[in-house]
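Undergrad: model this:
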Amino acid sequence: MKITVGTFNLNNLFSRYNFKGEIKAIKDAETEVGSTLEYTFGPQDYYRIRKYKGKLVKGKDDKKTKKVVTRVIEMDLDVLAVQEVEDIDTLKAFNRENLGKKYKYITLIEGNDDRLIDVGFFPNTQ
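TA: Okay, here's the model as predicted:
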């Protein structure tokens, strides 16, 4: 049985991707988030406000996102290891929304980087 294994650096998946909606009034990357900032959403709304070191994080533009996704898909690996991921939810969203649920299982291993980035693992058993 032939199994292909590879790795790809997702280049700060936590700070360059926005898988959920953006709040247009605060999407500027220079806006600071403070304790007096308050947002109210309806029961059907879902927003994830991303910040790093007190700054809002702007999502990576679609062209750059597609370039990363294209490269990962073209590799067509049975097992994919990735670097520079924020958390398991971000990794799951990347698989679901960008890779078309290519990988059934997703694992995250906590890193010790001061940017709070981790490594991920997609073993494909299909």
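Undergrad: pLDDT below threshold where in this structure?
TA: Along the chain, the model assigns pLDDT under 70 to residues 14-61, 125-126.
Undergrad: domains in it, by residue range?
TA: 1-17+60-126, 20-58 (automatic domain parsing).
Undergrad: which parts of the chain are helices?
TA: Counting by DSSP state H, one finds helices in the chain at the ranges 13-16, 62-75, 88-98.
Undergrad: out of those helices, deepest packed?
TA: The highest mean neighbour count among the helices of the chain, using mean count of other C-beta atoms under 10 Å, belongs to helix 13-16: a mean of 21. In this view, the C-beta of every residue, glycine as well, is placed from N, C-alpha and C.
Undergrad: dump the helices of the chain to a markdown table, plus distance to Val119.
TA: Putting those into a markdown table (distance: least, C-beta to C-beta, whole Å) gives the following:
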| stretch | distance to Val119 |
| --- | --- |
| helix 13-16 | 11 |
| helix 62-75 | 15 |
| helix 88-98 | 10 |
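Undergrad: quick one: which of those helices is nearest Asn112?
TA: Nearest to Asn112 among the helices of the chain is helix 13-16 (15.3 Å), distances taken as C-beta to C-beta.
Undergrad: quick one, what contacts Pro123?
TA: With contact taken as C-beta atoms under 8 Å, 6 or more residues apart in numbering, Pro123 is in contact with Asp78, Val79, Tyr103, Tyr105, Thr107.
Undergrad: show me the contacts for the first one.
TA: By C-beta under 8 Å, 6+ apart, the contact set of Asp78 is Ile3, Thr4, Val5, Pro123, Asn124.
Undergrad: of all the helices of the chain, which lies closest to Ile117?
TA: Among the helices of the chain, helix 13-16 comes nearest to Ile117, with 6.4 Å by C-beta to C-beta.
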